[in-house]
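> need coordinates for the below:
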Amino acid sequence: MRRFFVPWHHATALAVLMSLPAAGRAADTPATAVSVWPVRPVPFAAHIETIGQVEPFQGVTLSPEIAGRITELDFDSGAIVRKGQLLLVLNDAPEQGELIRQSGELRAAEADLARARSLIRTGVESWHNEFY
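As a prediction, the model looks like this:
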């Protein structure tokens with residue numbers, strides 16, 4: 001909790017001003033009675049409870065380059081994120097399946113190429129441009 005302090009020179013100036021007679025007042029008019037308390041530090045609340053709405057300085061709208069279902073969300077709403085930070089993961093099962101299928105096709109094509117080159121070297125098959 002913060003403490004609020006009144007500088008000593010402010011308290012002194014206030015006491016002096018309050019003891020001066022009012023301008024234009026007759027000398028026989030009695031002075032006004034005032035109360036004086038010593039200045040001391042007191043607790044000061046540094047927060048206020050209120051109803052309102054908070055809006056960010058900056059925001060961002062996320063939109064993927066491809067459609068898909070989000071499988072993992074790696075940030076909390078309202079959290080500060082950094083450039084390059086992973087925010088979410090899309091379901092990539094269809095793409096992974098396609099990668100496996102095409103990797104198999106690549107291995108089969110490489111095996112066919114190796115067999116054709118071997119046959120050409122041994123003279124069993126004639127040379128064609130499609131194998132090189």
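
> which residues does stretch 61-81 contact?
Pro56, Gln85, Leu86, Leu87, Leu88, Val89, Leu90, Asn91, Asp92 (CB atoms under 8 Å, 6 or more residues apart in numbering). Every residue, glycine included, has its C-beta placed from N, CA and C.

> now with 10 Å?
54, 56, 60, 85-95 (CB atoms under 10 Å, 6 or more residues apart in numbering).

> how many neighbours does the nearest residue to Leu90 once chain neighbours are set aside have?
Closest residue in space to Leu90, ignoring its immediate chain neighbours: Gly68 at 3.8 Å, by CB to CB, 6 or more residues apart in numbering. Residue neighbour count, defined by other CB atoms under 10 Å, stands at 14 for Gly68.

> just Arg115 next, same as before
Using other CB under 10 Å, Arg115 has 12 other residues around it.

> likewise for Leu113?
With other CB under 10 Å as criterion, Leu113 counts 13.

> separation between it and Gly104?
15 Å (CB to CB, to the nearest Å).

> I'd guess Thr71 is in a helix, am I close?
No. Counting by DSSP: H, G, I helix; E, B strand; the rest coil, Thr71 falls outside a helix, being strand.

> can you give me the pLDDT of it?
Thr71 carries a pLDDT score of 90 in this model.

> look up how far Lys83 lies from it.
23 Å.

> report the central residue of this protein.
Central residue of the chain (CA atoms, centre = their mean): Ile80, 1.3 Å from the mean position.

> perfect, that will be all.
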